[in-house]
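*Asks:* Fold the stuff below for me.
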Amino acid sequence: YRIGSSVEFDWCSVNALQTIRNQGYRGVMINYNPETVSTDYDMCDRLYFDELTFERVMDIHDLENPHGTVVSVGGQIPNNLALRLDQNKVNILGTKATSIDKAEDRHKFSSIVDALGIDQPKWKELTNFDEVDQFIEQVGFPVLVRPSYVLSGAAMNVCYNHEELRNFLGLAAEVSEKHPVVMSEFMQRCKEIEFDAVADNGEVIAYAISEHIEFAGVHSGDATIQFPPQKLYVETVRRVKKIAKKIAAALEITGPFNIQFLAKDNYIKVIECNLRASRSFPFVSKVLKINMIELATKAMLGLKPAAPRKSAFDLDYVGIKSSQFSFSRLQQADPVLGVDMHSTGEVGCLGDDFNEALLNSMLSVGYEIPKKIDITLEIISKDKRSVVGNVSLKDPKTGKPLTFEGVGFVRISDTEVDNPGGHWAEEHPELKGGWAMYCPDNVDNYDLYNEIIMPLVKNDDVKSIKVLTKLVKQGSISLPNPFFKK
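*Replies:* Numbering: from 1, shown residues only. This next block holds a predicted model:
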């Protein structure tokens, strides 16, 4: 455990210590963060206020000569030490260090997932820019990039075009065999599902399936999480459990673990598996009223804990975890959430239903319910397609509802300068050959339309054409224009 790690791991560490001491063992803690409960004088039998490095842990191990060492409740850093500790004859309690390595190593984990017949987003470890370009040709944009050496806090990023990709890779060290870049397909508009569980010798004995309210792509430490899930298909939940049990058996997991899934239209893909307690363990434990870390610690001690009754998982209330941010205290901070974590705190709240729980959690992290609501929408271009079909807008000048009547489609071409799509070709050369929406000159607020109705179809994307056709049939948009042809 260390400064910068989340307080969720402090909760996990404290509960593991209490369980160990309740079983008659002495509990020794290594932690140098004074802002934690686990450094209180009465929490453990001996506290080493020292750094979490391999050398210091080995020094303390040689001095204490413990029955075993727990690396799976303090976050990622102790988990990273597991293999070296095991090679130096340290008894790692719970999941074997070789299994932890299989989950952490992208190549090994991918091979296991493929062997089990489980789907995952396409990915590749790349060592030069030619390989990067070849991978982009194969999967297209956007992509998730994880360079080996980057500036602090910028370990991952989502790139939507070649310019963003080159700029981000410029932050990293040179792309080479020594410093490869892991690049994977970034799937948009997918649900992200968390599977937190405890296993004993590869058999899952307790689990919690929670659902991110935001689309996948927001770090789990920043995301708003609901548990039990409220908007997942029954078939999706069944498949998630089936896949998780396969992975737990293949890695012979004993102790806590977390698997992250992508779900879209009942198609499930595995993002990653962490053989340690996750940030959501305290939240789901408190909502379930089952201490998952106590179960996991008993399993790691070889006590064969009994699985909770199935009725314990039937809840008649909803829990929501909301994150707290400090953007207003930081100059020039970018408040847009992404794959790296920004939150500085979180709150978990309960409610009789989803809406009540969400409102309670939002109020608890400092939001206020406004008495008068004035909403200005600034829509990121990649989200405009869904906004056009789902949001009722009013013209701020006249107060009249905005409709999409008179909106037309034009081919984006730089050869037809009189064509309304000609200026798009000039401003957005990457969109040439696609389609753009435009509005006629008699609209009162042309600029507002122009801001909302950006190019929705790129490069004759058939799926986008279908979405637009559906909007036309629903009457959301009107196409009196002859340009809409395929």
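*Asks:* okay, and for the stretch 101-250 of the chain, where does confidence drop off?
*Replies:* Along the stretch 101-250 of the chain, the parts satisfying pLDDT under 70 run over 147-155, 171-180.
*Asks:* What segments of it are helices?
*Replies:* Along the stretch 101-250 of the chain, counting by DSSP state H, counting those that start in this stretch, helices occupy 106-115, 129-139, 162-171, 234-250.
*Asks:* closest one to residue 270 among those helices?
*Replies:* Closest to residue 270 of those is helix 106-115 (C-beta to C-beta; 5.8 Å). Every residue, glycine included, has its C-beta placed from N, CA and C.
*Asks:* Counting by contacts, list what that closest one packs against.
*Replies:* With contacts taken as 3 or more C-beta pairs under 8 Å, 6 or more residues apart in numbering; DSSP states H and E, helix 106-115 sits against helix 97-104, strand 123-126, helix 234-250, strand 267-274.
*Asks:* With distance to residue 224 added, can I get those in JSON lines?
*Replies:* Output for the helices and strands packed on helix 106-115, formatted as JSON lines (distance: least, C-beta to C-beta, whole Å):
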{"stretch": "helix 97-104", "distance to residue 224": "26"}
{"stretch": "strand 123-126", "distance to residue 224": "27"}
{"stretch": "helix 234-250", "distance to residue 224": "19"}
{"stretch": "strand 267-274", "distance to residue 224": "18"}
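*Asks:* Comparing the helices of the stretch 101-250 of the chain, which comes out most buried?
*Replies:* With neighbours taken as mean count of other C-beta atoms under 10 Å, the helices of the stretch 101-250 of the chain reach their highest mean count in helix 234-250, at a mean of 18.
*Asks:* Contacts for that one, please.
*Replies:* Identification of contacts with helix 234-250 by C-beta atoms under 8 Å, 6 or more residues apart in numbering yields 112-113, 115-116, 118, 193, 195, 197, 199, 202-204, 207, 209, 229, 253, 257, 259, 261, 263, 266, 268, 270, 273.
*Asks:* repeat for stretch 300-314
*Replies:* Residues contacting stretch 300-314 (C-beta under 8 Å, 6+ apart): 19-20, 23, 25, 68, 70, 72, 93-94, 200, 205-206, 228, 254-255, 288-290, 295, 298-299.
*Asks:* Looking at these, which are in helices?
*Replies:* 19-20, 288, 295, 298-299 (DSSP state H).
*Asks:* Ok, which of the helices of the stretch 101-250 of the chain comes nearest residue 182?
*Replies:* helix 106-115 (5.9 Å).
*Asks:* Tell me the gap between that closest one and the middle of its chain.
*Replies:* 20 Å (C-alpha atoms, centre = their mean, to the nearest Å).
*Asks:* hang on, the earlier thing: out of the helices and strands packed on helix 106-115, which comes closest to residue 139?
*Replies:* Closest to residue 139 of the helices and strands packed on helix 106-115 is strand 123-126 (C-beta to C-beta; 8.9 Å).
*Asks:* Residue 161: which of the helices and strands packed on helix 106-115 is closest?
*Replies:* Smallest distance to residue 161 across these (C-beta to C-beta): 17.4 Å, for strand 123-126.
*Asks:* Neighbouring strands of that closest one in the sheet, and parallel or not?
*Replies:* Strand 123-126 pairs in its sheet with strand 181-185 (antiparallel), by DSSP bridges.
*Asks:* then the partner strand to PDB, C-alphas only?
*Replies:* The C-alpha coordinates for strand 181-185 follow below in PDB (Å, rounded to 0.1, in the frame of the first residue of the first chain):
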ATOM      1  CA  VAL A 181       3.100  -0.100 -27.400                       C
ATOM      2  CA  VAL A 182       0.000  -2.200 -26.700                       C
ATOM      3  CA  MET A 183      -2.800  -1.000 -29.000                       C
ATOM      4  CA  SER A 184      -6.300  -2.400 -28.900                       C
ATOM      5  CA  GLU A 185      -9.600  -1.900 -30.700                       C
END
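*Asks:* In that strand, which residues are buried?
*Replies:* 181-185 (16 or more other C-beta atoms under 10 Å).
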